[in-house]
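Chemist: With the sequence up front, the predicted model follows.
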Number of protein chains: 2
Amino acid sequence: MSLVHTKNAATTSRRRRQPEAETKADISRERVLVAAAQIFNEKGYSGTTMRDVGRAVGLQAASLYYHYRSKDELIEAVLDKGVDDVAASVRAAVKAVPETASHKERISIALDAHLRSVLGSTFSMSARRVFGQVPEPIRRRHLKHRDAYGEFWMNLLRDAAKGGALRSEIDVRLARIFIISALNSALDWYKPEGKSVDQLAKQFNLFITDGLFSS
Amino acid sequence: MSLVHTKNAATTSRRRRQPEAETKADISRERVLVAAAQIFNEKGYSGTTMRDVGRAVGLQAASLYYHYRSKDELIEAVLDKGVDDVAASVRAAVKAVPETASHKERISIALDAHLRSVLGSTFSMSARRVFGQVPEPIRRRHLKHRDAYGEFWMNLLRDAAKGGALRSEIDVRLARIFIISALNSALDWYKPEGKSVDQLAKQFNLFITDGLFSS
DNA sequence: GTCTATACTTTGATAGAC
DNA sequence: GTCTATCAAAGTATAGAC
């Protein structure tokens, strides 16, 4: 039957009536993923060993291979979840904006949602940290997830530009990268002990939409 | 006599009249450093082996230990040179600005110099890439170099704020981090095939000082 | 599903000849 | 200064018992 490694094939021994009952395998797999995100975030890609991850979930390193084929498959899952979660969260926030809102309002909401989402997710923290450390093939595959989210922002900005909301000298493509990079940079230095995410979001919004200088 | 590992003790066998004649050791040490920066930048901290570095300079891995005590001493040198070079370059550019210049002009110059310097230096590229991967003690020591440069920017911005050039709602401390992070982010995605550094600098200047939205 | 045992590989670093 | 030889440690991954 070979159910191994096939996340939802484990529906066999289901006893409850929920359409998506979680098997023990599902649960372990999930716990491993969460722990991996945590540890990759702390120690980086090469710095994290399968033994580390195993210890964190109370399993032997060898047992992890029942859930993930390799360390690389594991980190790829972390990476992808990192950006997909943020993308979903921002899309939802923007979708909730009334049609009547201005371009600036819409983009402000998106900025805010991105920052909050990113700072609140171990997966995106982890993804940012290890992205540059991961083997090339993984990075290449993962890039598709980033690009999809990047496209979303491109549309947001293109609409604003068409509506005449943006400065005319601006290269929209560059602006998109600038925005996302600036927001993500918070992952490198933000410490919850200082400013609240709320205050941070307000300042970033100011920096990005209005700039630093007055008049 | 034990001259080993003491960079300038090698002045013993000097034959030329230059006050700083380079011994063979100096030359090798330098070549190793440059190669290391290159390779660390490509493969990251744990991804780079002493064998890799040795191969790049035509030495055996073991021979590197004549010039650097350890892999960590080597990467720390790369890290420090990365930020020190940029700092020196930006300080020089700002020093050359006429006293009569406005705060905005001064800061524009600094932005420009930082971006150019960072994109032109293998050391700063490498430093950015590996900073998050390096053992904690190294990172901690290295942080002093960053902080020194950060202070320079703080003064620049504080002056501008005092002069009333900045928007009053702005948190200067946060603005400093925002600026440096945004500029450095170019290291992650800039490709020489696209826009020129010139164009890039102009756009960044616009984004940061004036913001994205018109009026 | 998870364990124990272990094969295999790679790495940072040292010793000592030249 | 650089080489050859080598070691000890650590890591990924597999095999097979339970």
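Modeler: Good, I have the coordinates. Numbers count the residues shown, from 1 in each chain, chains lettered A, B, ... in the order given.
Chemist: Now do the helices in chain A.
Modeler: Remark: helices assigned in chain A by DSSP state H are A:24-43, A:50-57, A:61-67, A:71-95, A:103-120, A:122-131, A:136-162, A:172-189, A:197-205.
Chemist: Mind putting those helices into a markdown table with mean pLDDT and mean neighbour count?
Modeler: In short, each C-beta sits where N, CA and C put it, glycine included. Listed next are the helices of chain A as a markdown table, based on pLDDT from 0 to 100; neighbours: other C-beta atoms under 10 Å in any protein chain shown:
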| stretch | mean pLDDT | mean neighbour count |
| --- | --- | --- |
| helix A:24-43 | 95 | 18 |
| helix A:50-57 | 98 | 17 |
| helix A:61-67 | 98 | 16 |
| helix A:71-95 | 98 | 19 |
| helix A:103-120 | 98 | 20 |
| helix A:122-131 | 97 | 24 |
| helix A:136-162 | 97 | 15 |
| helix A:172-189 | 98 | 19 |
| helix A:197-205 | 98 | 17 |
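Chemist: so residue A:115 touches residue A:204, yeah?
Modeler: Yes: at 6.2 Å, residue A:115 counts as touching residue A:204 under the criterion of C-beta atoms under 8 Å.
Chemist: what sits in contact with each of those two?
Modeler: A:183, A:186 (C-beta atoms under 8 Å, 6 or more residues apart in numbering or on different chains).
Chemist: any chance of the helices of chain A in TSV, with distance to residue B:42 too?
Modeler: Supplementary listing: these in TSV, determined by distance: least, C-beta to C-beta, whole Å:
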stretch	distance to residue B:42
helix A:24-43	21
helix A:50-57	25
helix A:61-67	29
helix A:71-95	19
helix A:103-120	27
helix A:122-131	15
helix A:136-162	10
helix A:172-189	21
helix A:197-205	32
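Chemist: Distance to DNA strand C for those - can I get that in TSV?
Modeler: Below are these laid out as TSV (distance: least, C-beta to the nearest atom of the strand, whole Å):
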stretch	distance to DNA strand C
helix A:24-43	3
helix A:50-57	7
helix A:61-67	3
helix A:71-95	13
helix A:103-120	28
helix A:122-131	18
helix A:136-162	15
helix A:172-189	25
helix A:197-205	35
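Chemist: closest one to residue B:190 among these?
Modeler: helix A:172-189 (9.2 Å; C-beta to C-beta).
Chemist: Nearest approach to residue B:162 belongs to which of the helices of chain A?
Modeler: Closest approach to residue B:162 among these is made by helix A:197-205 (19.0 Å; C-beta to C-beta).
Chemist: What is the closest one packed up against?
Modeler: Helix A:197-205 makes packing contacts with helix A:103-120, helix A:172-189, helix B:172-189 when contacts are defined by 3 or more C-beta pairs under 8 Å, 6 or more residues apart in numbering or on different chains; DSSP states H and E.
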